[in-house]
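Visitor: Got a predicted structure plus its sequence, pasted below:
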Amino acid sequence: LRVSAKAVFSKYSIQPDSPIDFGALIKGTKKSQVIILENKGTLSFKYFIHQAPSLEEKRGQRVAYSLLGVFKLWLLGISFSWHSFLQAQLTLGMFTVSPCSGSVAPWGQQKITVDCNAGPEGKCEEHLSIDVCGR
């Protein structure tokens, strides 16, 4: 009897490199940018995008990816229950992200749209996390 096994973990890439900066927008206008989450592994994985913890909560955690500038995105190792967070889009300040949860097949990719709806004058900055299951 011959038995074999191969241990693997989720492999992924996120494009574009940081930062995502929408630049100056005229009040009342909308601009969109796309983030591509690509599965570079042999197993499907689930992802979830949510508001990042405050800077005080992040201390001591390893930040693997960040988008600096007007829109910030953090990839953190955060545990959560998938069924309690599934939603189609997430709106924080002037930004709307969709889809904010899903599954990516092996060697597949997910396009995630970030819309910026220019609101009140001034700089708007938000911090988000992309959590990839099984990394």
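Guide: Yep, it's here.
Visitor: Tell me the spacing between residue 33 and residue 17.
Guide: According to Cβ to Cβ, to the nearest Å, residue 33 and residue 17 sit 13 Å apart. Just so you know, the C-beta spots here come from the backbone N, C-alpha and C atoms, and that holds for glycine as well.
Visitor: Compare those two (neighbour count), which wins?
Guide: Applying other Cβ atoms under 10 Å to residue 33 and residue 17 shows that residue 33 carries more neighbours, namely 15 against 9.
Visitor: what residues are up against residue 92?
Guide: Neighbour list for residue 92: 51, 126, 128 [criterion: Cβ atoms under 8 Å, 6 or more residues apart in numbering].
Visitor: Look at the last one and say how many residues are nearby.
Guide: I take that to be residue 128. 20.
Visitor: can you tell me the helix or strand for it?
Guide: strand 126-132 (DSSP states H and E).
Visitor: other SSEs contacting that strand?
Guide: Contact analysis of strand 126-132 by 3 or more Cβ pairs under 8 Å, 6 or more residues apart in numbering; DSSP states H and E lists strand 45-51, strand 71-74, strand 90-92 as its packing neighbours.
Visitor: between that strand and strand 45-51, how big is the angle?
Guide: 160 degrees (axes from the mean of the first three to the mean of the last three Cα atoms, to 10 degrees).
Visitor: excluding its backbone neighbours, what's nearest residue 22?
Guide: With Cβ to Cβ, 6 or more residues apart in numbering as the criterion, residue 22 has its nearest non-adjacent residue at 4.4 Å, and that residue is residue 116.
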